[in-house]
Structure formats: C-alpha cells, structure tokens
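J.: this is a predicted model, with the sequence first.
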Amino acid sequence: MAVTKIWAITDSVSRVLSYAANPDKTIYSDICKALHYASDERKTVIGEEKAMYVTGVNCTAETAFAEMKAVQERFDKTVGNVAYHAYQSFKTGEVTPQLAHKLGVELAKRMWGDHYQVLVATHFNTGTYHNHLVINSVNMWNGKKFNCNEGAYWKLRSISDELCKENGLSVIKNPKGKTPRKLYFAEKNGEPTRYNLMREAIDKALSMSTNPKAFTYVMKQLGYVIDLNPYHKYATIRSVNSKKETRLYRLGEAYDRDAIYDQMRDTLRNNPQEAYRLYYEFTEKKSFGVTIQKAHFVKGNLKTAKKITGLKALYFRYLYLLGVLP
C-alpha cells in the first residue's frame, strides 16, 4: 500500500541566482531546499542501520541541482514552478528500504520517462519508509514544462498502485476520510442513518435489477439518483430532493460501482425470473400509485379518463401506500 502526493515548488529569480552565485549561503532557493531535504544524510541512520538511498533519474544524485538548473537556463525557464515535489509512503512493516527505493525509482521512470530529471530519496525519519521525488519542471529535450494537473496526480497514483500490485503489496482501493463519531455509533447500532437508508434502497433495487437501466429506474422511484457512469472517477448517489452527492464507496465495498455490477450479473446468471417478477410487481404498483386510474374513482372508462394529478393524486397515492386502496 502506498500513499502519493505531489505539489509545486516555486521560487523567485533573485533567490535562484543568489544561491547559484554563492552556494555557501544559508538561504536556499526552493528547488535547492527540496533537493537538500530529500538527500539530507541526517535522515539516513537509525542506530547503526542505513535507512536511506538516493538515486538520480536522468541526472546524477550528487550534481542534481546543477544539472536541473542548467536545463532551466538553457530554455530560459527559471521562474514560476521550477520543480515538483512528489511523495510516496508505504504501509509500516510492508516493505524493506531496498524495495521502497526500488519502487520509487521505477515510479519516476514510468511517470517521467527520459524526459525529466528526478531525484529519488528514501527516508525512514517518520517511522515509515517513504520516497521523496524532486522533479525538474522543464523537459530536458524540448523545454516544455510538466503539466501537473489533476490527471497527472491520478496517473502518479495509478502507477504507484500498479507497482504495489506487481510486488505483492496491498493497495488502497478508495481513499476514505474519517467517519464522524456520531455517525459511526449510529451505524454501529443499526440506526436509520442516511447511509443505512441508501444501503437499504440499493439492496431492494438490486433484488429486482439485472441491468443498470432497471437499477437506476428503481432507485429513482425509491427516491435516489444514482450515477454509475464508468467515465466518472467515482460512482455517486444522492436524494432526489438534494444536490449533495455521496460517493458510493463510502457506503462500503459491497455498494461500490464494481460490486453493484457484479451483483446484477449474478442475478442475471442465477435467478433472473425472480428479479423480473419483482421488477414487474414494483413497476406496476408504482404506475398504479401515480396514475390512479381505477373505475370507481373516475368518470367514464379507463381509456377516456384523465390522469389525476396534484393534491388529489397525492392523496390517493398515500391511501394506496397505507393499504387502504387495492
């Protein structure tokens, strides 16, 4: 399992030039501070154990700053986002320092190839093996700056996850925030929280659905709008009366997009007849509850009767739901 982050390093021309003119000054440029922090030897020793490695990708570790600076000056790109600082942290006890460093170097190569200079350093100063990657923002060959957008972040995380899988390490399927204390105990006690109500609606819809279209229709009738679009990063659910969406993975792994598709496939494969029957009964009742076109409530016949709407329809609907009407 590895957690990844990436952020920009910015600096002024004067500070970069000041450091370049006098390397002995204690005021470093931001890029140099990042490189210095990443390769700080004081973070390398725990007792007698060597716990840090430093490797340059497309540059030499010992002269990384000078090489990165040379590329920036050659293309006149010494201002703005001069570099990026990425972070890759592993689960405690899951990797050796050698493996952690190997994965960091491979991450740099797969992410930035032979286009950008990267310094990779493995630390243990926080009690957990983690990699610092300092990336020159300027392409070595064409001078183009690295576009560190949201897509780049997801690509970095995806490559890191792939490396973890390839090496038998665990992977965080979804980033989960903390559950509020009040909600946690309510969930634990089985009280009707909004999450529990969502789960109940999904369970009911899945019992009668063999395809996404039927599932989303039933969910809509139960009072929820659900988004299973595979092109969206997260599948979501929200009440029809609210604009606030909840990511499905927050309801648990059994309610995420992949799990929902798996359940529909299982239903279609194992017991489609029962699902069809339940769906038919559900849709018929919903139709009856909305239109209320029974002969003893309307004049004329069912073909010529007008659809009942407004408060009268709502009144009849509640009568039906309470069992007063057939």
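T.: Alright, I've got the coordinates. Numbers count the residues shown, from 1 in each chain.

J.: could you look up the SS state of Ile237?
T.: strand (DSSP: H, G, I helix; E, B strand; the rest coil).

J.: surely it and Lys244 touch.
T.: No - between Ile237 and Lys244 there is no contact, the gap being 10.3 Å when judged by Cβ atoms under 8 Å. Where you see a C-beta, it was placed from the backbone N, CA and C, and this is true even at glycine.

J.: which of the two has more residues huddled nearby?
T.: Using other Cβ atoms under 10 Å as the criterion, Ile237 and Lys244 rank with Ile237 on top: 23 against 7.

J.: what pLDDT does the more buried one get?
T.: Ile237 is assigned 94 on the pLDDT scale.

J.: going forward, begin numbering at 23 instead of 1
T.: Yep, numbering from 23; the last one is Ile259 now.

J.: chain neighbours aside, what residue packs nearest to it?
T.: Ile248 (4.9 Å; Cβ to Cβ, 6 or more residues apart in numbering).

J.: now swap in Gln285 and tell me
T.: With Cβ to Cβ, 6+ apart as the criterion, Gln285 has its nearest non-adjacent residue at 5.0 Å, and that residue is Leu228.

J.: okay, now that neighbour: neighbour count?
T.: 21.

J.: low-scoring stretches of the stretch 173-322 of the chain, by residue?
T.: 194-214, 307-322 (pLDDT under 70).

J.: try 90
T.: Scanning the stretch 173-322 of the chain with the threshold set as pLDDT under 90 gives 173-176, 179-180, 192-222, 232, 243-245, 251-256, 261-266, 271-281, 285, 288-322.

J.: do a quick rundown of the helices in it.
T.: Ranges of helices in the stretch 173-322 of the chain, per DSSP state H, counting those that start in this stretch, are 203-210, 216-229, 234-243, 279-292, 294-313.

J.: could you dump these into TSV and include distance to Ala174?
T.: What follows is the helices of the stretch 173-322 of the chain, written out as TSV (distance: least, Cβ to Cβ, whole Å):
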stretch	distance to Ala174
helix 203-210	34
helix 216-229	33
helix 234-243	31
helix 279-292	24
helix 294-313	43
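
J.: now stretch 240-256: buried residues?
T.: Val240, Met241, Gln243, Leu244, Tyr246, Val247, Ile248, Leu250 (16 or more other Cβ atoms under 10 Å).

J.: only alpha carbons, please: show that stretch as PDB.
T.: Extracted as PDB, the C-alpha positions of stretch 240-256 are listed here (Å, rounded to 0.1, in the frame of the first residue of the first chain):
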ATOM      1  CA  VAL A 240     -35.900   1.600  -9.400                       C
ATOM      2  CA  MET A 241     -33.500   3.800  -7.400                       C
ATOM      3  CA  LYS A 242     -35.200   6.900  -8.800                       C
ATOM      4  CA  GLN A 243     -38.600   5.500  -7.700                       C
ATOM      5  CA  LEU A 244     -37.200   4.900  -4.300                       C
ATOM      6  CA  GLY A 245     -36.100   8.500  -4.000                       C
ATOM      7  CA  TYR A 246     -32.400   8.400  -5.100                       C
ATOM      8  CA  VAL A 247     -30.500   9.500  -8.200                       C
ATOM      9  CA  ILE A 248     -27.500   7.200  -8.800                       C
ATOM     10  CA  ASP A 249     -24.600   7.800 -11.200                       C
ATOM     11  CA  LEU A 250     -22.800   4.700 -12.400                       C
ATOM     12  CA  ASN A 251     -21.100   6.400 -15.400                       C
ATOM     13  CA  PRO A 252     -17.800   4.400 -16.000                       C
ATOM     14  CA  TYR A 253     -16.200   7.600 -17.300                       C
ATOM     15  CA  HIS A 254     -16.600   9.300 -13.900                       C
ATOM     16  CA  LYS A 255     -14.000   8.800 -11.300                       C
ATOM     17  CA  TYR A 256     -16.500   7.900  -8.600                       C
END
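
J.: surely the residue nearest to Ile259 meets Thr238?
T.: Yes - counting by Cβ under 8 Å, Ile248 touches Thr238, with 5.5 Å between them.

J.: need the pLDDT of Gln110.
T.: We have a pLDDT of 90 for Gln110.

J.: what strand or helix carries it?
T.: Using DSSP states H and E, Gln110 maps to strand 102-112.

J.: next SSE downstream of that strand?
T.: Following strand 102-112 in sequence, per DSSP H and E, is helix 119-134.

J.: mean confidence score for that next one?
T.: 93.

J.: okay, angle between it and strand 102-112 too, please.
T.: 140 degrees (axes from the mean of the first three to the mean of the last three Cα atoms, to 10 degrees).

J.: pull out the buried positions in helix 119-134.
T.: Pro119, Ala122, His123, Lys124, Leu125, Gly126, Val127, Glu128, Leu129, Ala130, Met133, Trp134.

J.: mind listing what the closest residue to the last one other than its chain neighbours touches?
T.: Going back to what we said before, that points to Trp134. Setting aside the residues directly before and after it, Trp134 is nearest to Val140 in space (Cβ to Cβ, 6+ apart), at 5.7 Å. Contacts for Val140 (Cβ atoms under 8 Å, 6 or more residues apart in numbering) come out as Gly78, Val79, Asn80, Cys81, Ala130, Trp134, Leu155, Val156, Ile157, Asn158.
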